[in-house]
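A.B. asks: need coordinates for the following:
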Amino acid sequence: MPEVIFTGPAGRLEGRYQAPKKKGAPIAIVLHPHPQFGGTMNNQIVYNMFYTFANRGFAALRFNFRGVGRSQGAFDHGSGELSDAASALDWVQSVNPEAKACWIAGVSFGSWIGMQLLMRRPEIEGFISIAAMANRYDFTFLAPCPSSGLFVHGSEDRVAPAREVMPVIEKVKVQKGVIIEHQMVEGANHFFDGKVDELTQTVDTYLDKRLGPAKAA
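C.D. replies: A predicted model of the protein is given here:
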């Protein structure tokens, strides 16, 4: 799993990249939780999502937003982090020019950034949004949501309680043919402490449905 450095709008960004074995493989980018609350690309959920996609043959990238780890720059309240995510997608596309499809996965703050990127990049055909803080961040820009995907929440999330978040997500309008699914991991908190394996299985089951079962590498 090579360490990579690529250029972002505020300087160098550090990441971890898994190259695909086949040309034309789809791309997956995984975005980490809030930089000011300990979020990094080494977050356990981010790490697991990265390998979930890599094990399916994707060109997979996880990286640190500006000001995190060895990534240059400073926290920018979302707008700069969205630019970082766009630069990350540009970089993976530059080393995988044959790739036609892309997925975006985000955790907490990262899910908010990922869904904004989804609206700007038509090549993104699927998303995984974990612990989306739709009670704290505005998700009304999904008007309509252009791609099908999955929202996953923990039933015991106190940061983004399901009772506050689900009504917001359920109001999201979609383009024709787009299906947004919701899954709840029982007993899980915002960080899925002790429940990451169940979360990963939930995501795997959804990807099996969308992409077919993962083939052993």
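
A.B. asks: please make it C-alpha for all contacts and neighbour counts, starting now.
C.D. replies: Noted.

A.B. asks: counting contacts, what elements does the helix or strand of the chain with the lowest mean pLDDT pack onto?
C.D. replies: Within the chain, no helix or strand scores below helix 162-170, which has a mean of 90 by mean pLDDT, DSSP states H and E. Helices and strands touching helix 162-170, by 3 or more C-alpha pairs under 8 Å, 6 or more residues apart in numbering; DSSP states H and E: there are none.

A.B. asks: list the buried residues in it.
C.D. replies: Across helix 162-170, burial judged by 16 or more other C-alpha atoms under 10 Å covers 162, 165-166, 169.

A.B. asks: name the SS class of the residue nearest to the spatial centre of the chain, please.
C.D. replies: Taking C-alpha atoms, centre = their mean, the centroid of the chain lies closest to Ala105, which sits 1.7 Å from it. With DSSP: H, G, I helix; E, B strand; the rest coil as the basis, the three-state label of Ala105 is strand.

A.B. asks: CA-only coordinates of the helix or strand where Met119 lies, as PDB, when you get a sec.
C.D. replies: Using DSSP states H and E, Met119 maps to helix 109-120. What follows is helix 109-120, C-alpha atoms only, in PDB (Å, rounded to 0.1, in the frame of the first residue of the first chain):
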ATOM      1  CA  PHE A 109     -17.600  15.300   8.300                       C
ATOM      2  CA  GLY A 110     -16.100  13.400   5.400                       C
ATOM      3  CA  SER A 111     -19.600  12.200   4.300                       C
ATOM      4  CA  TRP A 112     -20.700  15.900   4.000                       C
ATOM      5  CA  ILE A 113     -17.700  16.700   1.900                       C
ATOM      6  CA  GLY A 114     -18.200  13.500  -0.200                       C
ATOM      7  CA  MET A 115     -21.800  14.300  -1.000                       C
ATOM      8  CA  GLN A 116     -20.800  17.800  -2.100                       C
ATOM      9  CA  LEU A 117     -18.200  16.300  -4.400                       C
ATOM     10  CA  LEU A 118     -20.900  14.000  -5.800                       C
ATOM     11  CA  MET A 119     -22.900  16.900  -6.900                       C
ATOM     12  CA  ARG A 120     -20.000  18.400  -8.800                       C
END
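
A.B. asks: for it, what is the average pLDDT?
C.D. replies: For helix 109-120, mean pLDDT is 98.

A.B. asks: what angle do the helix or strand following that helix and helix 109-120 make?
C.D. replies: Going down the chain from helix 109-120, the next helix or strand is strand 124-130, by DSSP H and E. Interaxial angle of strand 124-130 relative to helix 109-120 (axes from the mean of the first three to the mean of the last three C-alpha atoms, to 10 degrees): 160 degrees.

A.B. asks: tell me which helix or strand comes right after strand 124-130.
C.D. replies: Downstream of strand 124-130 (by DSSP H and E), the next one is strand 148-154.

A.B. asks: would you list every one of the helices in the protein?
C.D. replies: 44-54, 79-95, 109-120, 162-170, 196-211 (DSSP state H).

A.B. asks: next, the angle from the fourth one to strand 148-154.
C.D. replies: Relative orientation of helix 162-170 with respect to strand 148-154: 170 degrees, computed using the same axes, to 10 degrees.

A.B. asks: what distance separates helix 162-170 from the centre of its chain?
C.D. replies: Computed by C-alpha atoms, centre = their mean, to the nearest Å, the chain-centroid distance of helix 162-170 equals 19 Å.
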